[in-house]
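In: this is the structure alone, sequence omitted:
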């Protein structure tokens, strides 16, 4: 073996040894302790990184869960009670019961009900048309029909219905992460308590105008007539700024407000068809 | 070589169809709708009530705060109601509805058409008169003029610039005003000079209006300190900062006002309004509006009372052509489409343009290939393609660093984009979001 190779091997080995020793001490000195439970918790979380919990991602949320004294205000809407239960088990804490939520669109202004008075030809982005003017219809509160919410949804739980020109929420896929709520410049999407069999009763309107102009702009607008407020026996309905709101926590799904509403602004979803007897009653009420 | 600003700019087809048509008077309509916010700043407060009888020129809404303006009745008649309407901004605004009865002017207005040359008011009185008469910048931005005439302590103005550029295609209201009311404008300029305590004024006019340049140059020999300058035709030369750069080669830094380089810029229309307010005591309740469009049978320029529905203007121009696809309030570059022809003419309405179908549709949007045409036409040295994608993705902090708030929304980038991308749409969105963000930050 020539001396050149020998010198090379020896010098490089020495260099490696010295570097190794230095690196060992540096690693000891700058060691960051990380709770091993963070990894465990993260493994249980859905890894959707949707931000529905209010944190930057699942890792960030896992860190917050491990650090937190109680789970108050911490909830993974995607995983729901099941995932939160597992997390609680790992950390030895109890998870508070959080009602699962689902998104609903508080506008029912289809072209049939809400005639188009102008044509928007700009960039297909609700934020832009909202900044620009009241929209293609005379309602300055309703859905603008570009698909900001659909694009924001990371769970494929929304699509645009070409016939109604409104977004549709698929209940089974919606995880209530709230991305669409933030995306809508007109605040038309609300996260409401999920009920049995996905039943829903809500005011599908956000128009705060007085009755006249609201009705003129859209046939199914809430006109703030107070009829639903009077008929509700459970105090679930409040009227503010000419607009009714149904508190999902107090609502018992009796459906009296639905039949009472003169403009059909309150809609019911996923209910079995009404009995013929009830229908006769409805007719007499309306007639 | 003719002067112009050095950076960016475009030259859209001029289409000045109405340049040779004398200004007419539009008949007073049966009812007018006068919005109480026709200017930048705080909306005025209404001081009339339903059923009140108002005279032409009477104050119907008073200014609220310094950056605000008075609103005057443009007709005489009864106040029908005070309600909200969707005005030219596309949003709901409070407005005063007046049913016209005759045309009785308030007594203080001098209706004699004789030229008054002697300026009796002191500088302070001129500024006060501008505030009382509701004078705002008539170039389109409608910034209250009295604010610009009030030079804050520590700053000095040594030159007044008068904007007769009218760089927007189609519009000819300023052009006609310069030809037909040249002397009034020059007296108005002298009044503004007195109010600002300056002894020099430069009027900048683009070279596509040789008749106006000749006329004003001839007249200006009779006025001390006023000179007229021809400028090369280039959009957006009518923007304050670009005009200053073109005329006197001074650059207004980002985030600063023209006053920081010792100048104040006023429009020729404003100079005319100032003349009428100061010498004739006539408040701003009518302005010249160009009604134009390739398919119109009788396009023209008209003195229009504020609050006149746009439909009346279209009627005067020979009715709405069948092929109308879009009606724009203002110039084709910076104007905004209106969604209803019943919207009233306001202080900022310099023109109404009717575009046929084939010219009103937006082009199909294609992906950006980074050709940087938008960068080369930006008069403010911004990167529109970058600002657009930052706004689209909601990265407003970064957009702020890229000086998105400097954008004056001239639309040269959207105009020039070969891929038809809605650059300005997104930049406007980003700009308003950044301004909102900065305001919230300052409040903390």
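Out: Thanks, I have the structure now. From a predicted model like this one, the values you see are computed outputs, not experimental measurements.
In: pick out the residue closest to the middle of the chain.
Out: Going with chain A. In chain A, the C-alpha closest to the average C-alpha coordinate belongs to residue A:178, at a distance of 2.6 Å (Cα atoms, centre = their mean).
In: hm, I was asking about chain B
Out: residue B:140 (1.5 Å).
In: can you give me the pLDDT of that residue?
Out: We have a pLDDT of 79 for residue B:140.
In: chain B: helices as residue ranges?
Out: B:123-132, B:145-149, B:173-180, B:182-196, B:210-220, B:240-248, B:268-279, B:310-316, B:357-360, B:373-377, B:384-392, B:396-401, B:412-416, B:423-443 (DSSP state H).
In: okay, the ones you listed, which one's buried deepest?
Out: The densest packing among the helices of chain B, expressed as mean neighbour count by mean count of other Cβ atoms under 10 Å in any protein chain shown, is seen in helix B:268-279 with a mean of 26. No exception for glycine: its C-beta is placed from N, CA and C like everyone else's.
In: how far away is residue B:148 from residue B:68?
Out: Distance, residue B:148 to residue B:68, using Cβ to Cβ, to the nearest Å: 14 Å.
In: in contact with residue 50, which residues?
Out: This is for chain A. A:78, A:154, A:155, A:175, A:177, A:179 (Cβ atoms under 8 Å, 6 or more residues apart in numbering or on different chains).
In: chain B was what I was after
Out: With contact taken as Cβ under 8 Å, 6+ apart, residue B:50 is in contact with B:79, B:80, B:81, B:82.
In: rewinding a little: including mean pLDDT and distance to residue A:200, could the helices of chain B go into a markdown table?
Out: Converted to a markdown table, the helices of chain B look like this (pLDDT from 0 to 100; distance: least, Cβ to Cβ, whole Å):
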| stretch | mean pLDDT | distance to residue A:200 |
| --- | --- | --- |
| helix B:123-132 | 93 | 56 |
| helix B:145-149 | 92 | 53 |
| helix B:173-180 | 95 | 56 |
| helix B:182-196 | 95 | 64 |
| helix B:210-220 | 95 | 66 |
| helix B:240-248 | 94 | 54 |
| helix B:268-279 | 95 | 57 |
| helix B:310-316 | 94 | 44 |
| helix B:357-360 | 90 | 41 |
| helix B:373-377 | 95 | 47 |
| helix B:384-392 | 95 | 33 |
| helix B:396-401 | 94 | 35 |
| helix B:412-416 | 95 | 42 |
| helix B:423-443 | 93 | 33 |
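In: residue B:174 contacts residue B:164, correct?
Out: Yes - Residue B:174 sits in contact with residue B:164 when judged by Cβ atoms under 8 Å, with a separation of 5.9 Å.
In: where does the residue nearest to residue A:119 when sequence neighbours are not counted land in three-state SS?
Out: With Cβ to Cβ, 6 or more residues apart in numbering or on different chains as the measure, residue A:136 is the residue that lies nearest to residue A:119, at 6.5 Å, once sequence neighbours are left out. At residue A:136, secondary structure determined by DSSP: H, G, I helix; E, B strand; the rest coil is coil.
In: circling back to that earlier point, identify the contacts common to residue B:174 and residue B:164.
Out: When contacts are counted by Cβ under 8 Å, 6+ apart, residue B:174 and residue B:164 are jointly contacted by B:267, B:268.
In: circling back: out of the contacts of residue B:50, what pair is the most spread apart?
Out: When Cβ to Cβ is used, the two most widely separated members of these are B:80 and B:82, lying 8.8 Å apart.
In: number of residues surrounding the closest residue to chain B within the stretch 51-200 of chain A?
Out: Among all residues of the stretch 51-200 of chain A, residue A:133 sits closest to chain B, at 2.6 Å; criterion: Cβ to the nearest Cβ. A count of nearby residues for residue A:133, using other Cβ atoms under 10 Å in any protein chain shown, gives 20.
In: ok, it touching residue B:338?
Out: No - the pair residue A:133 / residue B:338 is not scored as a contact, 9.0 Å apart, by Cβ under 8 Å.
In: now do the shared contacts for those two.
Out: Among the neighbours of residue A:133, those also in contact with residue B:338 (Cβ under 8 Å, 6+ apart) are residue B:90.
In: quick one: end-to-end length of stretch A:222-233, please.
Out: Stretch A:222-233 has an end-to-end distance of 20 Å (Cα to Cα, to the nearest Å).
In: and the strands in the stretch 251-400 of chain B, which stretches?
Out: Taking DSSP state E, counting those that start in this stretch as the test, the strands found in the stretch 251-400 of chain B are B:263-267, B:286-292, B:300-305, B:324-329, B:336-337, B:351-356.
In: over to the stretch 151-287 of chain A?
Out: Remark: strands of the stretch 151-287 of chain A, listed N- to C-terminal, are A:158-161, A:166-169, A:189-193, A:200-203, A:237-240, A:243-246, A:266-269; assignment by DSSP E, counting those that start in this stretch.
In: now tabulate those strands in TSV and tack on distance to chain B, mean neighbour count and mean pLDDT.
Out: As requested, the strands of the stretch 151-287 of chain A are exported to TSV (distance: least, Cβ to the nearest Cβ, whole Å; neighbours: other Cβ atoms under 10 Å in any protein chain shown; pLDDT from 0 to 100):
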stretch	distance to chain B	mean neighbour count	mean pLDDT
strand A:158-161	18	15	94
strand A:166-169	19	18	94
strand A:189-193	17	19	93
strand A:200-203	22	22	92
strand A:237-240	19	15	93
strand A:243-246	16	21	94
strand A:266-269	26	17	90
